[in-house]
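Undergrad: Predicted model, plus sequence, below.
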Amino acid sequence: MAEHTHPPEPLDAMLDRAASLCAGRGAQLTDLRRQVLALVLGAEQPLGAYALLDLLKATRAGAAPPTIYRALDFLLEQGLIHRIELLNAFVGCVSAGHAHAHQFLICRRCGHAAELHDHAVEHALENAARRIGFTPARMTVEMEGLCQGCGGA
């Protein structure tokens with residue numbers, strides 16, 4: 001399994017890289033979008049939209065649900081964050097700017113989510129789908145269990 005274990009990149013550097021990726025695509029990482037991305041990237045675990053909204057209100061008192069949802073939609077479209085369906089929450093992308101299948105290991109006790117990019121898993125699922133005549137377009141795998149810190153093997 002190939003979990004991304006890069007040394008932590010400073011938040012400002014991650015945000016600057018995200019802004020460059022957006023600019024290269026003709027999109028703009030506005031101050032609001034940058035702030036929402038900073039909240040997602042700075043979180044220790046996946047955050048739901050309303051938790052993000054509560055954090056955003058600390059600096060933007062007038063922020064409302066449409067504000068956060070528009071920002072999240074943009075960040076998803078740009079591949080800067082992922083939505084974890086099982087948790088209905090958002091996490092930063094470890095390979096922002098690169099199209100890839102999403103694989104998440106989610107601890108049901110502490111809520112931590114680790115993003116993996118295991119080519120063997122991706123290819124096994126693609127091959128299984130093709131064997132039954134299905135053409136995959138996008139893939140997200142979510143596995144729930146216990147992380148090492150919570151007693152997983």
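TA: Nice, thanks for sending it over.
Undergrad: Tell me the secondary structure at the residue most central in space within the chain.
TA: Geometric centre of the chain, nearest residue: His82, 2.7 Å, by C-alpha atoms, centre = their mean. Classification of His82 by DSSP: H, G, I helix; E, B strand; the rest coil places it in strand.
Undergrad: export stretch 43-52 as CSV, just CAs?
TA: Output in CSV follows, covering the C-alpha atoms of stretch 43-52 (Å, rounded to 0.1, in the frame of the first residue of the first chain):
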residue,chain,number,x,y,z
ALA,A,43,-8.0,20.5,10.3
GLU,A,44,-6.8,17.4,12.0
GLN,A,45,-9.7,15.4,10.7
PRO,A,46,-12.4,15.8,8.0
LEU,A,47,-14.8,18.6,8.6
GLY,A,48,-18.4,19.0,7.5
ALA,A,49,-19.7,22.1,5.7
TYR,A,50,-21.4,23.5,8.8
ALA,A,51,-18.3,23.0,11.0
LEU,A,52,-16.4,24.8,8.3
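Undergrad: Tell me the confidence at the residue nearest to the centre of the chain?
TA: pLDDT recorded at His82 is 93.
Undergrad: Provide a list of residues in contact with it.
TA: By C-beta atoms under 8 Å, 6 or more residues apart in numbering, the contact list for His82 reads 76, 90-93, 102, 104, 115, 140. From N, CA and C alone the C-beta is placed, and that goes for glycine too.
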